[in-house]
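> Build me a model:
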Amino acid sequence: MTPRAPRRRCSDPGEPLAEALGRDPHLAMIGVARGDRVRFRRRDSERWKDGVVVRRETDGSLGVRDQKGALRALPLHLVEVRDRGPRGGVVWEPLPERAARTEQLDLFEP
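As a prediction, this is how the structure comes out:
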């Protein structure tokens with residue numbers, strides 16, 4: 001008989017449910033989800049670079065996969081999230097503003 005691997009314990013009781021639904025609770029705290037399109041730039045003189053949200057890093061930064069496939073850890077104040085405006089156009093919202101805003105939870109979405 002081979003020994004079984006020890007079971008992983010969850011620190012947050014809501015974590016298994018969030019993982020089962022495909023949501024990361026650490027990303028939900030700042031108002032984004034895996035796969036959300038974002039853009040970032042390190043300096044004001046640079047062009048915006050596109051990316052996709054992957055994870056929340058242990059230091060609190062955001063893990064973003066860029067166009068070349070590299071994973072970058074970015075501070076939240078350097079990131080803008082793609083969203084739809086009131087007339088359906090694309091708008092870019094700074095991530096700290098989105099994280100500070102309170103929203104109604106999706107009650108009917110599975």
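> In this structure, mark out all the strands, start to finish.
Counting by DSSP state E, the chain forms strands over residues 37-40, 49-56, 62-66, 71-74, 79-84, 90-94, given from the N-terminal end onward.
> And those: which comes nearest Gly31?
Distance to Gly31, taken as CB to CB, is lowest for strand 79-84 among the strands of the chain, at 7.6 Å. The way it works is simple: take the backbone N, C-alpha and C, and place the C-beta from them, glycine included.
> circling back to that earlier point, looking at the strands of the chain, spot the one closest to Asp24.
Among those, strand 49-56 comes nearest to Asp24, with 6.8 Å by CB to CB.
> still on that earlier bit, point out the one among the strands of the chain that comes closest to Arg4.
With CB to CB as the criterion, Arg4 lies closest to strand 49-56 of these, at 28.0 Å.
> I'd like the strands of the chain as CSV, with mean neighbour count and mean pLDDT appended.
CSV is the format used below for the strands of the chain (neighbours: other CB atoms under 10 Å; pLDDT from 0 to 100):
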stretch, mean neighbour count, mean pLDDT
strand 37-40, 19, 95
strand 49-56, 18, 94
strand 62-66, 20, 94
strand 71-74, 16, 94
strand 79-84, 17, 92
strand 90-94, 13, 92
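> Adding distance to Gly31, write those out as TSV.
As requested, the strands of the chain are exported to TSV (distance: least, CB to CB, whole Å):
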stretch	distance to Gly31
strand 37-40	12
strand 49-56	11
strand 62-66	11
strand 71-74	15
strand 79-84	8
strand 90-94	9
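> Between those, which one is closest to Met29.
When the strands of the chain are compared by CB to CB, strand 49-56 sits nearest Met29, at 8.0 Å.
> Neighbouring strands - and their directions - for that closest one?
Each strand that pairs with strand 49-56, with its direction, by DSSP bridges: strand 37-40 (antiparallel), strand 62-66 (antiparallel).
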